[in-house]
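1. Here is the input, now give the coordinates:
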Amino acid sequence: MSSLGEKDLQQRGYTFTLHPYDYRQKGAEAAAEALGLPIEQTVKTLVIELSDGRFVFLMARGDRAVSLRHFARHLDVKGAEMANERDILRLTGYQPGGIGPFGSRTPLPVYVDISLLDVPNVYFNGGRRGLLLGMEPERLAQAASAEWVDVARD
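-> Next up is the predicted model:
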């Protein structure tokens, strides 16, 4: 069964690899363990609510913490916080643990942390729990029309 994220990328001509796994819990660490991938190559896709009322996607390496304060400063807004599950489902159509930037119900701006450039391939949620898609970080950012940011820390 194809996911919306997978279909969106295919329709736009992007190549990627499919990595289905037995979903047991959300989080980049659990997905990396299930697939035998290095945690630094997994990507967490966060839905962030900005203080001005906008919502955006923020993608960062699974082994890094994200500074929402730095992110807000980069976007020149007073603050940023994780969106609640109800808003995530309403905006994206995806459940936490399966959020990806492609095929979202509502297109949201995408920001990608530059730390993804430190690895040759990244693996991100394909729009449903238990499916990661893999591609080069530069292609991911291109496909998502993303802006690079520096907001993740060790």
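
2. can you pull the pLDDT of Arg153?
-> On pLDDT, Arg153 comes in at 88.

3. In this protein, where is pLDDT below threshold?
-> Filtered on pLDDT under 70, the chain yields the residue ranges 1-2.

4. all strands for it, in order.
-> 17-20, 43-50, 55-61, 65-66, 80-82, 110-113, 122-125, 131-135, 147-149, 152-153 (DSSP state E).

5. Disregarding residues adjacent in the polypeptide, which is nearest to the residue lying farthest from the centre of the chain?
-> The C-alpha centroid of the chain is most remote from Lys78, which lies 22.8 Å away (Cα atoms, centre = their mean). With sequence-adjacent residues excluded and distances taken as Cβ to Cβ, 6 or more residues apart in numbering, Lys78 is closest to Ser51, at 4.3 Å. No exception for glycine: its C-beta is placed from N, CA and C like everyone else's.

6. what's around that neighbour, how many residues?
-> Using other Cβ atoms under 10 Å, the number of residues around Ser51 comes to 12.

7. So it versus Gln142, what's the distance?
-> 29 Å (Cβ to Cβ, to the nearest Å).

8. burial count for the residue nearest to Asp150 when sequence neighbours are not counted?
-> Leaving aside its sequence neighbours, Asp150 sits nearest to Ile114 (Cβ to Cβ, 6+ apart; 5.1 Å). The burial count assigned to Ile114 is 15, neighbours taken as other Cβ under 10 Å.

9. so Ile114 touches Trp148, yeah?
-> Yes - between Ile114 and Trp148 there is a contact at 5.2 Å, judged by Cβ atoms under 8 Å.

10. quick revisit: nearest to Gly100, of the strands of the chain?
-> Nearest to Gly100 among these is strand 122-125; the distance by Cβ to Cβ comes to 4.1 Å.
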